[in-house]
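Colleague: Based on what follows, work out the 3D shape:
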Amino acid sequence: LTQIPLEVKQFKQQESKMKQTGKFSKAIRYAAMLAFAIISFVAMVNILANFKYMSLHAERLLTVAQCENGFATESSSKVVLMGTIKDTSKISYDALMFLVQMSCVQCIPTFIIVEFNEDLILTMYDDVKTALYGARICAPVTITTQPDSVTNSANRVERIAAARETIRSQVATYIPGGAILHDWKIVSVDFDLLALPLPTTVVSSALDMNGGRGNKNVDILCATGVAKSYEDEEEKSIYFDTFSTILIPDIFLLDPENRLVNETNPEEDQFFSFKTSGHDTMMRWLAEKGDLENGKIYPVPVRSCFGGMAIYRASKLLDNRCSFVKDDPHSIKYASKIERRSSEHVSFHNCLTRADPGIVIAIQPDMITQWRKPSGYNHRSIEGHFALNKFPHLKTKEEQLDRQIALLLSYPNSGTSYTIRYIAQTTSSFTATNYQQEAKGKMPVFQDQPKGPFWIEPKEGGFIPEKYILTKSHCGARCFSCGVRAFNTSVIFFNDTCTSDSKGALIDPYVTDRVAKAIHLVRDPFDNVVSRFRFNRKIKSLSTKDENKNVTTSEEELRDKFRSACLDRESDFFLKGQGIIRSFMPEFQQKVKKIPCFIEFFKYANWHNSVFAMTKDMSLETLVFHYDAFNENMGESLTTFLDLTQHGSAPIFHSGRNHRQYFTSDEVDVISNVLEQMSSTETWSEIKRYLLHK
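Modeller: Numbering: from 1, shown residues only. Okay, here's the model as predicted:
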């Protein structure tokens, strides 16, 4: 009743005032009462008619208010996700994580229509949600089984179109009556895809349609749908959704040989003379038309698109004048031979364009989806990406207690990636990392430890180790261009950084009860320092050949470039490094001030000192492994330490160049003498082989 129009309340106030002045006649009072009753009745009818919409939206607003994150806002409360999937047992892990994060992190309600295994997707959703977010309140996910009338259709496009129409009607009932549809955004997704954009990217793109990043006037924003091609064993992304894409003015991307009307349109550009199901030609065109400006890529206007994901203004998607199921007779020239009709997106978008010639449809070049390439093309198996196959570890807490963590403690650029790849490839076992951003699925290893560690992207055919899970950790006290405070840490603080997703002050370590072993990786300090410096300063050094100019750069030139960058006295790196040396080792300041990047040698030794102290403090069974031992085929000691069995071949090992030559013999002597004095007994016993003259 609080919804009674404001005009009625104002009328009652006016009535009271007029009564007091004696100017309100009895007849007028009766007329006013009758009018009030009629208006109240109409208001009540509207309230009852919209009760379902209001209650749903009230639930939505309550969910947003209760979502335990910083993303849900009043603006994002006007975003809805709708999707389709044929068989949920084939949903990729990436798509499953997208669903969970949209629901629990972005607080976006979701409506999905499925053909097979409706209950399975809810089970997987609940398992992953519980593992990641525990009892957090998430936005509702509604799963609907595809009606038989839809499933029984012989035409694939007609089945998909009918499914989209069914889910579109559900979303229409969710948005409250009286809402300004122009402000609402509906994200339409094919959950059959192999990979989807980050949820934050999708939501920010939807909100940008209200103004920002060039999306301000866009009504329909499509993803760039790609598939992976492996011609000549070279991975390449090619534009895939040609059936739904029409460029301006009238360039249909489907190969003419696959069209029902086997001819090209007069407006078609020969630049897009597609001969297969997808081409990198379109990818280059999108990159050029995206108008990269200030680090932003802008939408590219087209006539029709989809790409496996599209963000609609609700006013367009819910326009009752158009439908996915109606095959537009004007779209016959966009029909395929197999389906004998146009894509449901083409017919729908053509209808919307006729209804509103000012509509803007565009492709966002950097909003990438990855399709499953069908059989018959040069492709790689995708079964290893299925959520069911990839993470069979969704077990009870009791079943997980037997597995323990073996930390791979490695200073950055000391051979971490190769070591992890070696274990994964030779034993087919899954590995983990402390750093959530490196874990594609962001799935914790243990359901009761959402802070980590997290599974690194598993490979097809792999398995979960029965005893020790190798887990990457760089610990702390390793910042490349930080000041003194970053290295003035206690043993307890350093220990926490080794079991945390952070290296700085805001660390939040996971429980260490399961940490049982550690592999302490050591690399030649000269190679480690030069590699780390080049990596952080983006100095190309993996080859002496300049790829752009096709000329060879000598070792002397690379050496001079390194020394010059190290001794740049105006750089932040140099100035902060000198401050650290003054604070921690003033007695050596004069000796080392002219040695290129000596501060990196200090950090190297200081870090290894801390790791030896940490493994001792935590009573961890530790294997010290030297990176160059891979060159001597001694990697089997790692698998033995982890109780794993080798049955695969090791990846090719490249030992690289000897960077000791980047320093003079006098400089090597000074570095050796200083590091011997500042290293702990354990550290010196392991690194002296690289520093003493051979």
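
Colleague: Tell me the confidence at Gly476?
Modeller: Confidence per residue is given as pLDDT, and for Gly476 that number is 86.

Colleague: Could you verify my assumption that it touches Asn495?
Modeller: No - in this structure Gly476 lies outside contact range of Asn495 using CB atoms under 8 Å: 9.4 Å. In this view, the C-beta of every residue, glycine as well, is placed from N, C-alpha and C.

Colleague: Might you report the residue contacts of Lys326?
Modeller: 347, 351 (CB atoms under 8 Å, 6 or more residues apart in numbering).

Colleague: mind checking how far it is from Gln170?
Modeller: Relative to Gln170, Lys326 is positioned 19 Å away (criterion: CB to CB, to the nearest Å).

Colleague: for Arg340, same thing?
Modeller: The gap separating Arg340 from Gln170 is 29 Å, by CB to CB.

Colleague: Phi first, then psi, for the residue nearest the centre of the chain.
Modeller: Centrality entry for the chain: nearest residue to the mean C-alpha point is Leu198, 3.8 Å, by CA atoms, centre = their mean. Dihedral angles phi and psi of Leu198 (degrees, to the nearest 10) take the values phi -60, psi 140.

Colleague: try Val522
Modeller: In terms of degrees, to the nearest 10, the main-chain angles of Val522 are phi -130, psi 130.

Colleague: what about Ile251, neighbour count?
Modeller: When counting by other CB atoms under 10 Å, one arrives at 17 neighbours for Ile251.

Colleague: Now do the phi/psi pair for it.
Modeller: Ile251 has phi and psi values of phi -110, psi 110 when expressed as degrees, to the nearest 10.

Colleague: Equivalent analysis for Ile464, please.
Modeller: Taking degrees, to the nearest 10 as the convention, Ile464 sits at phi -90, psi 130.

Colleague: Tell me the spacing between it and Thr431.
Modeller: Computed as CB to CB, the Ile464 to Thr431 distance reads 10 Å.

Colleague: before we move on, what about Lys451?
Modeller: From Lys451 across to Thr431, the span is 18 Å (CB to CB).

Colleague: of those two, who's got more company?
Modeller: Each of Lys451 and Thr431 had its neighbours counted (other CB under 10 Å), and the higher figure belongs to Thr431 (26 against 16).

Colleague: Need the pLDDT of that one.
Modeller: Predicted confidence (pLDDT) for Thr431: 93.

Colleague: Same question for the one 5 residues further on.
Modeller: According to the predicted model, the pLDDT of Gln436 comes to 85.

Colleague: likewise Glu233?
Modeller: In this model, Glu233 carries a pLDDT of 45.

Colleague: ok, now Asn69?
Modeller: On pLDDT, Asn69 comes in at 44.

Colleague: Kindly report the same for Glu547.
Modeller: In this prediction Glu547 is given a pLDDT of 43.

Colleague: What segments of the stretch 151-300 of the chain are helices?
Modeller: 156-174, 199-208, 280-289 (DSSP state H, counting those that start in this stretch).

Colleague: out of those helices, which comes closest to Met367?
Modeller: Comparing the helices of the stretch 151-300 of the chain by their distance to Met367 (CB to CB), the top pick is helix 199-208, with 6.1 Å.

Colleague: List the buried residues in the closest one.
Modeller: Of the residues in helix 199-208, those with enough neighbours to count as buried (16 or more other CB atoms under 10 Å) are 199, 202-208.

Colleague: got the residues you listed as a markdown table, with pLDDT and distance to Thr123 columns?
Modeller: Formatted as a markdown table, the buried residues of helix 199-208 follow (pLDDT from 0 to 100; distance: CB to CB, whole Å):
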| residue | pLDDT | distance to Thr123 |
| --- | --- | --- |
| Pro199 | 89 | 21 |
| Val202 | 92 | 25 |
| Val203 | 89 | 26 |
| Ser204 | 87 | 30 |
| Ser205 | 89 | 30 |
| Ala206 | 90 | 29 |
| Leu207 | 85 | 32 |
| Asp208 | 83 | 35 |
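
Colleague: Now flag whichever of these is closest to Leu642.
Modeller: When these are compared for distance to Leu642, the smallest value, 34.5 Å, is given by Pro199; criterion: CB to CB.

Colleague: Could you check how many residues crowd around the residue lying closest to Thr512 once chain neighbours are set aside?
Modeller: Taking CB to CB, 6 or more residues apart in numbering, and ignoring the residues beside it in sequence, Thr512 has Thr499 as its nearest neighbour in space, at 5.4 Å. Neighbours of Thr499 under the rule other CB under 10 Å: 25.
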